[in-house]
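1. below is the sequence, then the predicted model.
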Amino acid sequence: MELATRLPGTDLGSPHGVTTQDKYVHELWTVSYLFSVPIGLLVLGLILWCVFRYRDKGDGSGGGPGGGRTPAQFQYHIPLEAAYTIIPLVIVAILFGFLYSAENHVDSISKTPAIKITVEGFQWGWRFDYPNGHKQVGTVANELDINSEQNLPVLVIPDNETVQLHVVSLDVVHTFYVPEFLFQRDLIPGIDNTFDINPTTPGIYPGQCNNICGEYHAYMRFLVDVMPPSEFNTWYSQQAPNSITTAGEPQS
Amino acid sequence: MTLLEERPQEHPEPSERALMEIIPGPRPHGLVKYITSTDHKQIGLNYLVTSFIGFLFAGLLAEGIRTQLIVPNNHFVTENVYNQLFTMHGTIMLFVFLGPFAFAGLGNYLVPLMIGAPDMAFPRFNSLSYWLYLGGFLLMSAGFLTNNGAANFGWFGYAPLTEAIHSPGPGADLWIIGVGLTGLSGIFTAVNIITTIFTLRAPGMVMFRMPIFVWNQMVTMFLLLLAFPVLTSAFALLWIDRHLGGHFFDQNDGGQPILWQNLFWFFGHPEVYILALPYFGIVTEVLATMSKKPVFGYKGMIGATLSIGALSMGVWAHHMYTTGAVLLPFFAAMSLLIAVPTGIKFFNWIGTMWRGTITLNTAVLFCLGFLVMFLFGGITGVILAQPVLDFQLHNTYFIVAHFHYVMFGGSAFAAFAGIYYWYPKMTGRLLSEKLGKLSFTVMFIGFNLCFFPQHDLGLRGMPRRIETYSAHMGWNFLNMLSSIGAYIAGVGVLITVCNLFVSYRKGEIAGDNPWDGQTLEWACSSPPPDHNFEALPPIRSERPLWDANHPDQLTKVGH
């Protein structure tokens, strides 16, 4: 399974999201841009204006209107100071409203997911446990080299369905991260983490551990294969219960 | 008895300087002075030089990181060595350079001078802090000399990767002891500087006449007192786990790995402001002096510093959004709120420059670099404070870009501004403006070329701390750009290093007050004598020296 050269097109640098979460992430990005770009430009503009307008030009003409070497020694302007305290507070409150609702959507967990898969991370590899006992496994031992996406463990999930992932670490802290899902969640010993993924676009997406977990952290990669539901059902029915598919090894 | 007879029988004029001169015997200098002195200026210089060496060393490690990542599937260093490089780069930059440079180096040198004190409250205690700090620096770096190499689990060392079973060897132990010692040294410095500020202010120097730099130091020191004991305890627990059979962070025997994250970030987030507030102080002082104006909104500035300090104690879990084990809305709200006092500071800095007469020298250029890049880092910070966006960006290169804009483009540029501003006071000579402006330009270009592309790398899903990457991920060109930028920034830093050496011998003689300074450190000679002041100008406002030098432009008081 080879990736074509990835990401020809992006949304302002981000990959196109391939899950329903894309909507909320996109909305938050838009709101963030709408506030931060004008504010950033305003502050930057004021800084640059000050430097160009009030720099000491060496002819004693600095100090703004009126000139003179020593400028006016003003120090306080209470209405102005109150304004640049209160307006940012309002902006922050608005931003909080948006992020609060987006977060509720993203973190909600369905009671009736189409399939529940357990994702186990370990030094250094992944194991994906399906409800019928089938396991998809892959470790760095079978990885050919970093430039090859063959022999990576594959998480096969259906498109247009709610997939519930329960992530578990077998040793140290790892992170399940798929850039195209615009999402990640840590695998921490002692913490039970469950989340829902609702894919909207079939395809093969790269994923990788996103928390330093020792020597071969960079090689702890996997692929997500999002299949149309019918194709997924066919694939799933072909996997014998309690069978193990190890990437890079003949199927047992 | 002969000793007594040799003393002058008649006491000269009873000024401070004369009192010093009747103490018999030669004054130590050079290495002996470095080792034995308890003078706050000497200890301050010790800190400044040591931490700057730490900066150069950690910078070299960073060039190693960028060389490894310059092309995909590179084999410049092994996986293990790469992990050591980024771990020690982060550890040394934060615990040896960025913190101690400001709160211990500049803090020691300048706080007593700025409040008109002869020395710190506990001079020998102060010396002890420095030697603990130096010991910590040497011990953590000594990991590179051991057979397994230095610590290799990242500067925040998430358990259980740091447990003996996953990271055996003395490198990790040296890291624990080294960071622990720098932490203890920081606590000692905090006690010392707080006591100095509370008890040794000159007559007339009430709290609301202290320079903003001193205010920021004080708030920083309180943060240190709250945060560092937690760090030291966490490190003690980790040591017990590794060597005494403890199981605090070991899930298999009933411990809780997440406990480490909570303890570490409970220290770690105030630490971020410990690394920022003193630098805000530097920028405030430099901009006010160089604009020939008082700090705009002086009291608002102090309020902003205090609220940043208070809020920073309640945001630690925004480093833990993706753990699924923290209350997201609370920490998101607190994190967003910090943007408000930070914004106030920005507008006050602009107000300070507004209608001023700005001398565009190297110190001001570095301050402007700070303003522009800290602004950008602050905006990406507001983006990252939103949990849903953090789910996308956490631990990617977007984070790396964000905190380098804050810590390097922000704090470290302000550190350079401080060097160019106070070097004349410390050595009596001005740094070369020509080399300084060249250094700023090269660093500014190199820095942005290095770190701006990393935002896009993070959006494209490149995780931090990976030793190498596949050529198929769309990350090749941006990594190449970033590495080239890192080399350019390195050259820019070296130009300032040359400047420091050249100007030490050949720099223009500065005089006592080369910038028309406003605060008391410019009232004594350059470098200041032992015990600092022979006489102080009357202190009627937060700019006593300005008032003395510009009687027609007195600072308005009683607002």
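-> Yep, that arrived. Numbering: from 1, shown residues only, chains lettered A, B, ... in the order given.
2. what sits closest to the residue of chain B found nearest chain A if chain neighbours are left out?
-> The nearest approach of chain B to chain A comes at B:Gly461, 2.6 Å away (CB to the nearest CB). C-beta coordinates here come from the backbone N, C-alpha and C atoms, glycine included. Counting by CB to CB, 6 or more residues apart in numbering or on different chains, the nearest residue to B:Gly461 once its immediate chain neighbours are dropped is A:Pro179, at 2.6 Å.
3. for the residue of chain B closest to chain A, give me the pLDDT.
-> Predicted confidence (pLDDT) for B:Gly461: 91.
4. that one against A:Leu182, yeah?
-> No - B:Gly461 is beyond contact range of A:Leu182, at 9.3 Å (criterion: CB atoms under 8 Å).
5. which residues do the two both contact?
-> Jointly contacting B:Gly461 and A:Leu182 under the rule CB atoms under 8 Å, 6 or more residues apart in numbering or on different chains are A:Pro15.
6. pull the contacting residues for the residue nearest to B:Gly461.
-> A:Pro15, A:Tyr205, A:Pro206, A:Gly207, B:Gln392, B:Thr396, B:Arg460, B:Gly461.
7. inside strands: which ones of those?
-> A:Tyr205, A:Pro206, A:Gly207 (DSSP state E).
8. can you name the next helix or strand after the helix or strand encompassing B:Gly99?
-> Per DSSP states H and E, B:Gly99 falls inside helix B:99. Later in the chain than helix B:99, the nearest helix or strand by DSSP H and E is helix B:107-114.
9. show the average pLDDT along that following helix.
-> Per-residue scores along helix B:107-114 average to 96.
10. what's the helix or strand that that helix is followed by packed up against?
-> Proceeding C-terminally, helix B:107-114 gives way to helix B:123-142 as the next helix or strand, assigned by DSSP H and E. On a contact count with 3 or more CB pairs under 8 Å, 6 or more residues apart in numbering or on different chains; DSSP states H and E, helix B:123-142 meets helix B:40-68, helix B:79-91, helix B:170-199.
11. what are the buried residues along helix B:123-142?
-> For helix B:123-142, burial by neighbour count (16 or more other CB atoms under 10 Å in any protein chain shown) applies to B:126-130, B:132-137, B:139-142.
12. report whether the helix or strand hosting B:Ala415 contacts chain A.
-> Secondary structure assignment for B:Ala415, by DSSP H and E: helix B:413-427. No - judged by CB under 8 Å from any CB of the partner chain, helix B:413-427 stays clear of chain A, getting no closer than 13.9 Å.
13. can you give me the neighbour number for the residue nearest to B:Ile92 when sequence neighbours are not counted?
-> Using CB to CB, 6+ apart and skipping the chain neighbours, the partner closest in space to B:Ile92 is B:Ala58 (3.9 Å). Counted with other CB atoms under 10 Å in any protein chain shown, residues neighbouring B:Ala58 total 22.
14. what does B:Asn147 give?
-> If we define neighbours as other CB under 10 Å, then B:Asn147 has 7 of them.
15. isn't it right next to B:Pro168, touching?
-> No - with contact defined as CB under 8 Å, B:Asn147 does not reach B:Pro168; the gap is 10.9 Å.
16. can you tell me how far the residue of the stretch 101-250 of chain A found nearest chain B is from B:Thr199?
-> Residue of the stretch 101-250 of chain A nearest chain B, by CB to the nearest CB: A:Pro179 (2.6 Å). Distance of A:Pro179 to B:Thr199, computed by CB to CB, to the nearest Å: 56 Å.
17. where along chain A do the strands fall?
-> A:115-122, A:125-129, A:135-139, A:154-158, A:163-169, A:174-178, A:183-187, A:193-197, A:203-209, A:221-227, A:244-246.
18. distance to B:Gly154 and mean pLDDT for those strands - can I get that in JSON lines?
-> Below are the strands of chain A laid out as JSON lines (distance: least, CB to CB, whole Å; pLDDT from 0 to 100):
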{"stretch": "strand A:115-122", "distance to B:Gly154": "17", "mean pLDDT": "95"}
{"stretch": "strand A:125-129", "distance to B:Gly154": "20", "mean pLDDT": "96"}
{"stretch": "strand A:135-139", "distance to B:Gly154": "22", "mean pLDDT": "94"}
{"stretch": "strand A:154-158", "distance to B:Gly154": "26", "mean pLDDT": "96"}
{"stretch": "strand A:163-169", "distance to B:Gly154": "16", "mean pLDDT": "95"}
{"stretch": "strand A:174-178", "distance to B:Gly154": "13", "mean pLDDT": "96"}
{"stretch": "strand A:183-187", "distance to B:Gly154": "14", "mean pLDDT": "94"}
{"stretch": "strand A:193-197", "distance to B:Gly154": "21", "mean pLDDT": "94"}
{"stretch": "strand A:203-209", "distance to B:Gly154": "13", "mean pLDDT": "93"}
{"stretch": "strand A:221-227", "distance to B:Gly154": "19", "mean pLDDT": "94"}
{"stretch": "strand A:244-246", "distance to B:Gly154": "30", "mean pLDDT": "91"}
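19. Serialize these to CSV and add fields for mean neighbour count.
-> Output for the strands of chain A, formatted as CSV (neighbours: other CB atoms under 10 Å in any protein chain shown):
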stretch, mean neighbour count
strand A:115-122, 19
strand A:125-129, 22
strand A:135-139, 22
strand A:154-158, 21
strand A:163-169, 20
strand A:174-178, 26
strand A:183-187, 25
strand A:193-197, 19
strand A:203-209, 22
strand A:221-227, 22
strand A:244-246, 17
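20. and B:Lys437, how many neighbours?
-> 16.
21. more crowded one of B:Gly461 and A:Leu182?
-> The neighbour count for B:Gly461 versus A:Leu182, taken as other CB under 10 Å, is higher for B:Gly461 (30 against 27).
22. excluding chain neighbours, give the residue nearest to residue 112 in space.
-> Using chain A here. Per CB to CB, 6+ apart, closest to A:Thr112 is A:Thr162, 7.7 Å.
23. ah, no, chain B please
-> B:His40 (5.2 Å).
24. thought the one you found was touching B:Arg124?
-> No - using CB under 8 Å, B:His40 is not in contact with B:Arg124; the gap is 11.5 Å.
25. how about the contacts made by the nearest residue to B:Thr519 once chain neighbours are set aside?
-> Closest residue to B:Thr519 apart from its sequence neighbours, by CB to CB, 6+ apart: B:Pro211 at 4.6 Å. Contacts for B:Pro211 were tallied using CB under 8 Å, 6+ apart; they are B:Met114, B:Gly281, B:Glu285, B:Thr519, B:Glu542.
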